[in-house]
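1. starting from these lines, generate the structure:
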Amino acid sequence: MADEPHSVGDILDRLDELANEKDEVSLGQTIEAFGNRSYAPFLVILPLIDISPVGSIPGLPTLLALVIVLTAGQLLFGRKHMWLPGFLANRSLKSEKVAKAVKKLRPVAKRMDKWFHGRLPALTQGPMVRVAAAAIIMLTLSVPPLELLPMATTAPMAAIAAFGMALLVKDGLLMIVAFVAAAGAIAAAVGLWGSR
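-> Below you'll find the predicted structure:
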(Lines give C-alpha, C1' and ligand atoms only; values in the text may rest on other atoms or scores of the structure.)
Protein backbone atom coordinates (compact mmCIF):
# COMPACT_ATOMS: atom_id res chain seq x y z
CA MET A 1 0.00 0.00 0.00
CA ALA A 2 1.25 3.46 -0.86
CA ASP A 3 2.12 5.98 1.85
CA GLU A 4 -0.70 8.41 2.49
CA PRO A 5 -0.24 11.90 1.03
CA HIS A 6 0.14 14.70 3.58
CA SER A 7 -0.37 17.77 1.38
CA VAL A 8 -2.23 18.86 -1.73
CA GLY A 9 1.12 18.94 -3.54
CA ASP A 10 1.60 15.23 -2.68
CA ILE A 11 -1.84 14.47 -4.11
CA LEU A 12 -1.09 16.29 -7.37
CA ASP A 13 2.31 14.57 -7.63
CA ARG A 14 0.61 11.16 -7.41
CA LEU A 15 -2.01 12.12 -10.00
CA ASP A 16 0.69 13.45 -12.32
CA GLU A 17 2.62 10.17 -11.99
CA LEU A 18 -0.51 8.18 -12.87
CA ALA A 19 -1.24 10.42 -15.86
CA ASN A 20 2.32 9.95 -17.15
CA GLU A 21 2.18 6.15 -16.75
CA LYS A 22 -1.19 5.44 -18.36
CA ASP A 23 -3.50 6.58 -21.18
CA GLU A 24 -6.41 6.86 -18.74
CA VAL A 25 -6.55 7.29 -14.96
CA SER A 26 -9.28 5.37 -13.12
CA LEU A 27 -10.62 6.03 -9.63
CA GLY A 28 -9.44 2.55 -8.61
CA GLN A 29 -5.87 3.35 -9.67
CA THR A 30 -6.10 6.59 -7.75
CA ILE A 31 -7.15 4.75 -4.56
CA GLU A 32 -4.09 2.52 -4.95
CA ALA A 33 -1.83 5.54 -5.48
CA PHE A 34 -3.18 7.31 -2.37
CA GLY A 35 -3.38 4.23 -0.14
CA ASN A 36 -6.58 2.41 0.84
CA ARG A 37 -6.97 4.24 4.15
CA SER A 38 -6.38 7.65 2.66
CA TYR A 39 -9.84 9.25 2.51
CA ALA A 40 -8.77 12.88 2.85
CA PRO A 41 -7.10 13.13 -0.59
CA PHE A 42 -10.39 12.21 -2.27
CA LEU A 43 -12.16 14.85 -0.21
CA VAL A 44 -9.63 17.42 -1.47
CA ILE A 45 -8.96 16.46 -5.07
CA LEU A 46 -12.50 15.55 -6.21
CA PRO A 47 -13.98 18.94 -5.26
CA LEU A 48 -10.96 20.69 -6.79
CA ILE A 49 -11.56 18.80 -10.04
CA ASP A 50 -15.14 20.10 -10.00
CA ILE A 51 -13.93 23.66 -9.42
CA SER A 52 -11.36 23.39 -12.24
CA PRO A 53 -12.28 23.73 -15.95
CA VAL A 54 -12.58 19.92 -16.17
CA GLY A 55 -15.60 20.21 -13.84
CA SER A 56 -17.63 21.78 -16.64
CA ILE A 57 -18.02 18.38 -18.35
CA PRO A 58 -21.78 17.62 -18.14
CA GLY A 59 -22.55 15.02 -15.48
CA LEU A 60 -19.08 15.13 -13.93
CA PRO A 61 -20.09 17.16 -10.83
CA THR A 62 -22.82 14.61 -10.04
CA LEU A 63 -20.41 11.70 -10.55
CA LEU A 64 -17.87 13.41 -8.29
CA ALA A 65 -20.59 14.02 -5.69
CA LEU A 66 -21.50 10.31 -5.77
CA VAL A 67 -17.88 9.30 -5.13
CA ILE A 68 -17.64 11.91 -2.36
CA VAL A 69 -20.81 10.53 -0.72
CA LEU A 70 -19.35 7.02 -0.79
CA THR A 71 -16.08 8.30 0.66
CA ALA A 72 -17.73 10.38 3.39
CA GLY A 73 -20.17 7.56 4.18
CA GLN A 74 -17.27 5.21 4.83
CA LEU A 75 -15.70 7.81 7.13
CA LEU A 76 -19.03 8.31 8.90
CA PHE A 77 -19.33 4.60 9.64
CA GLY A 78 -15.66 4.18 10.59
CA ARG A 79 -14.65 1.90 7.71
CA LYS A 80 -10.90 1.20 7.85
CA HIS A 81 -10.23 0.71 4.13
CA MET A 82 -11.58 2.79 1.29
CA TRP A 83 -13.78 0.91 -1.16
CA LEU A 84 -15.62 1.85 -4.34
CA PRO A 85 -17.98 -0.36 -6.34
CA GLY A 86 -16.52 -1.62 -9.61
CA PHE A 87 -18.62 0.65 -11.83
CA LEU A 88 -17.07 3.68 -10.07
CA ALA A 89 -13.58 2.24 -9.52
CA ASN A 90 -13.37 1.59 -13.27
CA ARG A 91 -14.49 5.13 -14.26
CA SER A 92 -11.60 6.99 -15.78
CA LEU A 93 -10.50 10.22 -17.37
CA LYS A 94 -8.04 10.61 -20.23
CA SER A 95 -4.53 11.23 -18.91
CA GLU A 96 -4.32 14.50 -20.85
CA LYS A 97 -7.34 15.86 -18.94
CA VAL A 98 -5.86 14.74 -15.62
CA ALA A 99 -2.50 16.33 -16.47
CA LYS A 100 -4.26 19.55 -17.53
CA ALA A 101 -6.23 19.69 -14.26
CA VAL A 102 -3.07 18.98 -12.22
CA LYS A 103 -1.24 21.80 -13.99
CA LYS A 104 -4.10 24.25 -13.36
CA LEU A 105 -4.34 23.22 -9.70
CA ARG A 106 -0.60 23.54 -8.89
CA PRO A 107 -0.70 27.26 -7.93
CA VAL A 108 -3.75 26.66 -5.73
CA ALA A 109 -2.05 23.65 -4.12
CA LYS A 110 1.07 25.66 -3.29
CA ARG A 111 -1.02 28.31 -1.55
CA MET A 112 -3.11 25.75 0.30
CA ASP A 113 -0.03 23.87 1.52
CA LYS A 114 1.52 27.14 2.71
CA TRP A 115 -1.56 28.35 4.59
CA PHE A 116 -2.88 25.16 6.17
CA HIS A 117 -1.02 23.07 8.74
CA GLY A 118 -1.57 21.25 12.05
CA ARG A 119 -3.42 23.78 14.23
CA LEU A 120 -5.88 22.50 16.88
CA PRO A 121 -5.43 18.88 15.68
CA ALA A 122 -7.93 17.56 18.26
CA LEU A 123 -10.71 19.02 16.08
CA THR A 124 -9.70 16.68 13.23
CA GLN A 125 -9.91 13.41 15.17
CA GLY A 126 -12.43 11.10 16.79
CA PRO A 127 -16.06 12.19 16.65
CA MET A 128 -15.24 15.37 14.70
CA VAL A 129 -14.31 13.22 11.69
CA ARG A 130 -17.80 11.71 11.73
CA VAL A 131 -19.48 15.10 12.17
CA ALA A 132 -17.46 16.41 9.21
CA ALA A 133 -18.43 13.34 7.16
CA ALA A 134 -22.13 14.00 7.87
CA ALA A 135 -21.72 17.65 6.81
CA ILE A 136 -19.97 16.56 3.60
CA ILE A 137 -22.86 14.21 2.77
CA MET A 138 -25.33 17.07 3.27
CA LEU A 139 -23.26 19.28 0.95
CA THR A 140 -23.11 16.65 -1.80
CA LEU A 141 -26.90 16.40 -1.84
CA SER A 142 -26.99 19.95 -3.21
CA VAL A 143 -24.66 19.20 -6.14
CA PRO A 144 -26.96 17.40 -8.66
CA PRO A 145 -29.61 20.16 -8.77
CA LEU A 146 -26.97 22.91 -8.68
CA GLU A 147 -25.18 21.36 -11.66
CA LEU A 148 -27.93 22.84 -13.83
CA LEU A 149 -26.69 26.36 -12.97
CA PRO A 150 -23.27 27.51 -14.25
CA MET A 151 -20.57 27.44 -11.56
CA ALA A 152 -23.16 26.83 -8.81
CA THR A 153 -21.48 23.65 -7.55
CA THR A 154 -18.40 25.67 -6.61
CA ALA A 155 -19.73 26.67 -3.16
CA PRO A 156 -20.50 23.17 -1.81
CA MET A 157 -17.40 21.70 -3.45
CA ALA A 158 -15.16 24.40 -1.92
CA ALA A 159 -16.58 23.59 1.53
CA ILE A 160 -15.97 19.86 0.94
CA ALA A 161 -12.38 20.61 -0.15
CA ALA A 162 -11.91 22.59 3.09
CA PHE A 163 -13.06 19.58 5.14
CA GLY A 164 -10.74 17.29 3.17
CA MET A 165 -7.81 19.66 3.59
CA ALA A 166 -8.48 19.98 7.33
CA LEU A 167 -8.42 16.19 7.66
CA LEU A 168 -5.37 15.84 5.42
CA VAL A 169 -3.13 18.27 7.32
CA LYS A 170 -4.84 17.92 10.74
CA ASP A 171 -5.82 21.60 10.87
CA GLY A 172 -8.63 22.12 13.40
CA LEU A 173 -8.88 25.83 12.65
CA LEU A 174 -9.55 24.98 9.01
CA MET A 175 -12.13 22.44 10.21
CA ILE A 176 -14.01 25.29 11.93
CA VAL A 177 -13.78 27.36 8.73
CA ALA A 178 -15.10 24.35 6.77
CA PHE A 179 -18.18 24.13 8.99
CA VAL A 180 -18.86 27.85 8.48
CA ALA A 181 -18.33 27.46 4.71
CA ALA A 182 -20.69 24.45 4.70
CA ALA A 183 -23.43 26.49 6.37
CA GLY A 184 -22.88 29.28 3.83
CA ALA A 185 -22.89 26.86 0.88
CA ILE A 186 -26.12 25.23 2.01
CA ALA A 187 -27.73 28.65 2.52
CA ALA A 188 -26.54 29.72 -0.95
CA ALA A 189 -27.93 26.53 -2.52
CA VAL A 190 -31.30 27.07 -0.86
CA GLY A 191 -31.24 30.72 -1.96
CA LEU A 192 -30.41 29.84 -5.57
CA TRP A 193 -33.21 27.32 -5.81
CA GLY A 194 -35.61 29.50 -3.86
CA SER A 195 -35.14 32.35 -6.33
CA ARG A 196 -35.93 30.20 -9.38
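2. the strands in the protein, which residues?
-> For the chain, the strands defined by DSSP state E cover 24-26, 92-94.
3. give the other helices and strands that the last one contacts.
-> Using 3 or more CB pairs under 8 Å, 6 or more residues apart in numbering; DSSP states H and E as the contact test, the elements touching strand 92-94 are strand 24-26. (Each C-beta comes from the backbone N, C-alpha and C, glycine too.)
4. contacting residues for residue 12?
-> 45, 102, 105, 106, 109 (CB atoms under 8 Å, 6 or more residues apart in numbering).
5. again, only using 10 Å
-> By CB atoms under 10 Å, 6 or more residues apart in numbering, the contact list for residue 12 reads 5, 41, 44-45, 48, 101-103, 105-106, 108-110, 113.
6. and the closest residue to residue 91 other than its chain neighbours, how many residues sit next to it?
-> In this structure, residue 91 finds its nearest non-sequential neighbour in residue 27, 5.5 Å apart by CB to CB, 6 or more residues apart in numbering. Using other CB atoms under 10 Å, residue 27 has 18 neighbouring residues.
7. let me see the contact set for residue 27.
-> 42, 46, 63, 67, 70, 84, 88, 89, 90, 91, 92, 93.
8. surely the third one meets residue 70?
-> This means residue 63. No: with contact defined as CB atoms under 10 Å, residue 63 does not count as touching residue 70 (11.1 Å).
9. what sits in contact with each of these two?
-> Shared contacts of residue 63 and residue 70, counting by CB under 10 Å, 6+ apart, come down to 27, 88.
10. all helices for the chain, in order.
-> 8-21, 27-34, 40-51, 60-76, 86-89, 95-115, 127-141, 143-146, 154-169, 172-194 (DSSP state H).
11. what's the angle between the third one and helix 95-115?
-> Pointing back at helix 40-51 there. For helix 40-51 against helix 95-115, the angle by axes from the mean of the first three to the mean of the last three CA atoms, to 10 degrees is 110 degrees.
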